[in-house]
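> Any chance you can model this:
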Amino acid sequence: MIVLYIALGLIGLYVLYQIIVRLVIKNTNYHKAVKNNPSLENNSRFIIQPPSVIIPASGIKTGQKVLEIGAGSGPFTFAAAKAVGPNGTVYALDIQEEMIDILKSKMQKKENYNLNVTPVLGNALKTNFPDDTFDVVFLVSVLQEMPDKNAAFDEFKRILKPGGTLSISETFIDLDYYMKKTLVKFATKVGMVQSSYQGNFLRPPLKT
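Here you go, the predicted structure:
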């Protein structure tokens, strides 16, 4: 019984934490401050979201043309590039020029030199890619940073090939974690259908 009370207490604290944080985010420029700080290259989250788990769960396979949204400094980019192999390509899109510069510098490292990665500076809400370009579009803890989620899903649908995969990976410790049903709702609006849900409440990749 004591264990149950502790568990309920922790759940209650987490719900309260989420409510407070979401109110703060809604009424401040929190995301703007984070987005404009290129020094925030913190890899501690990869304990929960290791590339070795996220990339296979995202449905990325050999020979595919893949777009990573919000690539940042490339912790998932190079893992994806290894997965697509020499006959595939990973386009790494980020809105911050500083992050693209870091990504380019990492491409010069010996372990990444032969990987097919194309850095792209741009806005995910309105990319310059033609219709039906990618086999997979994937995002890791990025969707919440986008100001217009409906526009984002419209763009994802446009640049994906027919039958292509959109993979969204989230973790509940994010300040504005999206529940699975919310992600499915966004995807359904643009005509996507959920194909799988992998992981657990700590790291759930949703594929549509």
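
> And the protein, split by domain according to the record?
Here the domain parsing of the chain from automatic domain parsing is 1-34, 42-207.

> now those as a markdown table including mean pLDDT and mean neighbour count?
C-beta here means a position set from N, CA and C on the backbone, and glycine is covered the same way. A markdown table is the format used below for these (pLDDT from 0 to 100; neighbours: other C-beta atoms under 10 Å):
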| stretch | mean pLDDT | mean neighbour count |
| --- | --- | --- |
| domain 1-34 | 54 | 10 |
| domain 42-207 | 88 | 18 |
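
> For the chain, which segments count as strands?
For the chain, applying DSSP state E gives strands covering 65-69, 89-94, 117-121, 134-140, 160-169, 196-197, 205-207.

> and the angle for the third one with strand 65-69?
Just to be clear, that refers to strand 117-121. 40 degrees (axes from the mean of the first three to the mean of the last three C-alpha atoms, to 10 degrees).

> Run me through the strand neighbours of strand 117-121, direction for each.
strand 89-94 (parallel) (DSSP bridges).

> Residues in contact with the partner strand: which ones?
With contact meaning C-beta atoms under 8 Å, 6 or more residues apart in numbering, strand 89-94 is reached by 65-72, 74, 77, 80-81, 84, 100, 103, 115-122, 124, 127, 129, 134.

> same deal with stretch 179-193?
Under C-beta under 8 Å, 6+ apart, the answer for stretch 179-193 is 143, 149-150, 152-154, 156-157, 166, 168, 170, 194, 197, 204, 206, 208.

> about what we covered before: out of the strands of the chain, which gets nearest to I6?
With C-beta to C-beta as the criterion, I6 lies closest to strand 196-197 of the strands of the chain, at 28.3 Å.

> The closest one pairs with which strands, parallel or anti?
Strand 196-197 has the following strand partners under DSSP bridges: strand 205-207 (antiparallel).

> hang on, isn't G63 packed against G88?
Yes - at 4.8 Å, G63 and G88 qualify as touching, with contact defined as C-beta atoms under 8 Å.

> for G74, what are its contacts?
G74 makes contact with A92, I102, L103, K106, M107, V117 under the criterion C-beta under 8 Å, 6+ apart.

> And it, how far from N150?
Per C-beta to C-beta, to the nearest Å, G74 is found 28 Å from N150.
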